[in-house]
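**Q** Predicted structure and sequence below. I'll ask about it afterward.
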Amino acid sequence: MEATSTAMAQPAIKASSHSLLWWVGTGAGVLLGGVLLFAVWAKALDPAAFAEQIHAEGLDFALPARVVALIALALEAGLGFALLLGLRRSWVLVSTFLLVVFFLSLTGRAWWLAAHGVHAAASCGCFGNLVQRTPAEAFQQDLLLLVPPLLLAFLGRERRTPLFPPVRTAVAAVGALAAVAFAWKAPELPLDDLATRLRPGVRVGEMCAGGGTDRICLGSLVPELRQGRHLVVIANLDDPELTKSVDALNAYAGNAGNPTLWVLATVTHEQQQAFFWQWGPVFQIRETPAELLRPLYRRLPRAFTVKDGRVTRTFTGMPPLTDNPNDSLERSSI
Amino acid sequence: MTCKRSVVLIALAIALLAVPAVSRAQSVPSDSVLRGFEPSGDFVLIVDGKAVPKAEIYQNDKVPAILVLTSALPSPVLLTPRAGTVETVHIMKIAKQKDGTVDLLADAVLAPIGQFQRDGENVAFTDEGRQVSLNPKPPLTGLHKGTELKEHNPGYARSASVYQPNGQAIAALKKEPKPVTVRVFFGSWCPHCRQHVPYILKVEDQLKGSQVKFEYFGLPRPPDAWQTPEVKRLKVGGVPTGIVYVEGKEVGRIIGEGWDAPEVLLNKIVNGPAVKGK
């Protein structure tokens, strides 16, 4: 009994004997692991948006963007879990180093392109290129968030065997697979409010895109939303889900007692005119920059109700137009 | 007697012949929704290959429908999107309202003359042998005066007429001793400009005779808009953007939510934040 308790106490004595550098290195590794896992969580909630990013960067030259996205998530999650579990073997740190270099090369390239007047995409509407963070800010933030903990994670490493500690390696592998499984299933899960900036309680003035003088918010694009009751549908004008609902939307918009109906879409003036002649909408369509709309949905269409400038309810897909919208607003707990 | 009988028979024959024509025509519903057509600056009318700049084009978003009034066509024409119908209506059944809108009288009869053909954002139809098309109006580009904007899009004038600027801000701006120039970058194709530029047109009207002058720089449709040298030089990120110059030097910009009451932001830029917003 006594021997057992002595044996139990041994690891504690050993742990306390770690050098300061070991603690700094382990702490930095855990921090870096946490940062990577948070990034995985954010991306896995909306893998389609991540795949769009991969496509925009031209990283889907060998495999479809969605597959590349899943592989990247698995890698990032595996390394994140490994670091979080204090696994600072060379294969973990070198792989993480390469991943960080890759991230920085992407943001650095975007910075260089912006600095030389080359934009990845030209806006088609009333707005130029709106960005949440400038490319310089993105690069600097990634640099500050990733590089110091990565470098510190190399400190105080103890040369231990085995190279792949079975339990922690298995947990990291299972974590990577879980991240892939989650990203695979996430689009079907009712996580829109969690995954996007559009959720009950948010004010229309808080849904913005761009920075500095280019900052534009939904509250100024559709100032009418700041007062009264509204039903807003975010959609692509050529989406069959929208076009087959035009009659119902027209009927809804034609009822004076209903909240005002708006459709927000990233469209050109030409597309809007073509839609007008083909479908004859009686509801208002507002051109909204993609940079503002994209963070508000995982897939289109998506709808929400607004009361006096505050989002009261969200809907995945088209809203239930047969419902009494007054009831919908009353049911909201906001 | 024979003459009288002949007259009756002729009248009866005319009445019988008229029945099919009347049944083809459609009366405007008594709860008429064909009211409140607003002037539209979105389209240009082309008749037999020639533009008709004087044509008055109105849009009703509630139906929706487009009404074209022009001497280049025999009668006013009503186009109904989606249904694709083209109908004529007697000119006497159209009532222009004081606020610039147009109504179809309740007893107006719509006579179908065919269908329009869609070609992207253009529509075309035939009216008594004339080839008619309604195309999007080319954007107003380059430097212009406020009056030219109102001429280009009558909707701007109408929206300007109903806007009520902040009286305090206007009074303060009227007293401004230094020369102030506001250069407004806009796109006649941009819906946000259609909404907000009329506000500053009204502000300009109210500041006539003061030291505050306005000029309007129209951009082509994107993506060309963002390649305009003036846009690149002044780093204009979107439209509308109002650049405020005092004695030739840029002192601020009217952007974003500032367009809700541009005179308030303009006064804040020129005189400091003394006047409270609306």
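**A** Nice, thanks for sending it over.
**Q** Point out where the stretch 201-334 of chain A drops to low pLDDT.
**A** The model of the stretch 201-334 of chain A has pLDDT under 70 over residues A:211-214, A:322-334.
**Q** ranges for the helices of it?
**A** A:218-221, A:240-243, A:246-254, A:269-279, A:290-293, A:325-331 (DSSP state H, counting those that start in this stretch).
**Q** Show me what the fifth one is packed against.
**A** To tie it back to what came earlier, the one meant is helix A:290-293. In terms of contacts (3 or more C-beta pairs under 8 Å, 6 or more residues apart in numbering or on different chains; DSSP states H and E), helix A:290-293 is packed against strand A:208-209. No exception for glycine: its C-beta is placed from N, CA and C like everyone else's.
**Q** thinking again about what came up before, output the helices of the stretch 201-334 of chain A in a markdown table; the columns should cover mean neighbour count.
**A** Listed next are the helices of the stretch 201-334 of chain A as a markdown table, based on neighbours: other C-beta atoms under 10 Å in any protein chain shown:
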| stretch | mean neighbour count |
| --- | --- |
| helix A:218-221 | 24 |
| helix A:240-243 | 15 |
| helix A:246-254 | 17 |
| helix A:269-279 | 20 |
| helix A:290-293 | 20 |
| helix A:325-331 | 14 |
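**Q** Please convert the ones you listed to JSON lines, extending it with distance to A:H18.
**A** Listed next are these as JSON lines, based on distance: least, C-beta to C-beta, whole Å:
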{"stretch": "helix A:218-221", "distance to A:H18": "52"}
{"stretch": "helix A:240-243", "distance to A:H18": "58"}
{"stretch": "helix A:246-254", "distance to A:H18": "65"}
{"stretch": "helix A:269-279", "distance to A:H18": "63"}
{"stretch": "helix A:290-293", "distance to A:H18": "47"}
{"stretch": "helix A:325-331", "distance to A:H18": "56"}
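**Q** Quick one: closest of those helices to A:L75.
**A** With distances scored as C-beta to C-beta, the stretch of those nearest to A:L75 is helix A:290-293 (27.8 Å).
**Q** now that closest one, how far from the chain's geometric center?
**A** Offset of helix A:290-293 from its chain centre (C-alpha atoms, centre = their mean, to the nearest Å): 13 Å.
**Q** thinking again about what came up before, tell me which of the helices of the stretch 201-334 of chain A sits nearest to B:L134.
**A** Minimum separation from B:L134 across those (C-beta to C-beta) falls at helix A:269-279, 9.1 Å.
**Q** which regions of the stretch 1-150 of chain B sit below the pLDDT cut-off?
**A** For the stretch 1-150 of chain B, applying pLDDT under 70 flags the ranges B:1-33.
**Q** Which part of it gets nearest to chain A, residue-wise?
**A** Proximity of the stretch 1-150 of chain B to chain A (C-beta to the nearest C-beta) peaks at B:R82, 3.2 Å away.
**Q** Would you list the phi and psi of the closest residue in space to that residue that isn't next to it in sequence?
**A** Closest residue to B:R82 apart from its sequence neighbours, by C-beta to C-beta, 6 or more residues apart in numbering or on different chains: A:G280 at 3.2 Å. Phi and psi for A:G280, reported as degrees, to the nearest 10, are phi 60, psi 60.
**Q** Do I have it right that A:G280 meets B:T85?
**A** No. Contact criterion C-beta atoms under 8 Å: A:G280 and B:T85 do not qualify, at 10.6 Å.
**Q** domains in chain B, as residue ranges please.
**A** Domain segmentation of chain B under automatic domain parsing yields B:27-136, B:142-271.
**Q** residues in contact with the residue nearest to B:R82?
**A** Neighbour list for A:G280: A:246, A:250, B:63-64, B:80-83 [criterion: C-beta atoms under 8 Å, 6 or more residues apart in numbering or on different chains].
**Q** List the ones among those that fall in strands.
**A** B:T80 (DSSP state E).
**Q** Filter the contacts of A:G280 down to the buried ones and hand me the ChimeraX line.
**A** Of these, the buried ones can be selected in ChimeraX as follows, counting by 16 or more other C-beta atoms under 10 Å in any protein chain shown:
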select /A:246,250 /B:63,64,80,81
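**Q** Please report how far the most centrally placed residue in chain B lies from A:L21.
**A** Against the mean C-alpha coordinate of chain B, by C-alpha atoms, centre = their mean, the closest residue is B:S40 at 2.7 Å. From B:S40 over to A:L21 the distance is 73 Å, taken as C-beta to C-beta, to the nearest Å.
**Q** Test my guess that the residue nearest to the centre of chain B contacts B:Q59.
**A** Yes. Using C-beta under 8 Å, B:S40 makes contact with B:Q59 at a distance of 4.1 Å.
**Q** In the one helix or strand A:L83 maps to, which residues are buried?
**A** Take DSSP states H and E as the rule and A:L83 turns out to sit in helix A:65-84. With burial defined by 16+ other C-beta under 10 Å, the residues of helix A:65-84 counted as buried are A:65-66, A:68-70, A:72-84.
**Q** now, of the domains of chain B, which is deepest in the fold?
**A** Burial of the domains of chain B is given as mean neighbour count (mean count of other C-beta atoms under 10 Å in any protein chain shown); domain B:142-271 ranks first at a mean of 19.
**Q** In this structure B:P139 contacts B:G187, no?
**A** Yes. Between B:P139 and B:G187 there is a contact at 6.4 Å, judged by C-beta under 8 Å.
**Q** joint contacts of the two?
**A** With C-beta under 8 Å, 6+ apart as the test, B:P139 and B:G187 both reach B:218-221.
**Q** Which of those residues fall in strands?
**A** Checking those against DSSP E, those in strands are B:G218.
**Q** Could you take the shared contacts of B:P139 and B:G187 and lay them out as TSV, with extra columns for pLDDT?
**A** Formatted as TSV, these follow (pLDDT from 0 to 100):
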residue	pLDDT
B:G218	95
B:L219	93
B:P220	90
B:R221	83
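**Q** Looking at the shared contacts of B:P139 and B:G187, which one is closest to A:V180?
**A** Using C-beta to C-beta, B:R221 is the member of these that sits closest to A:V180, with 43.4 Å.
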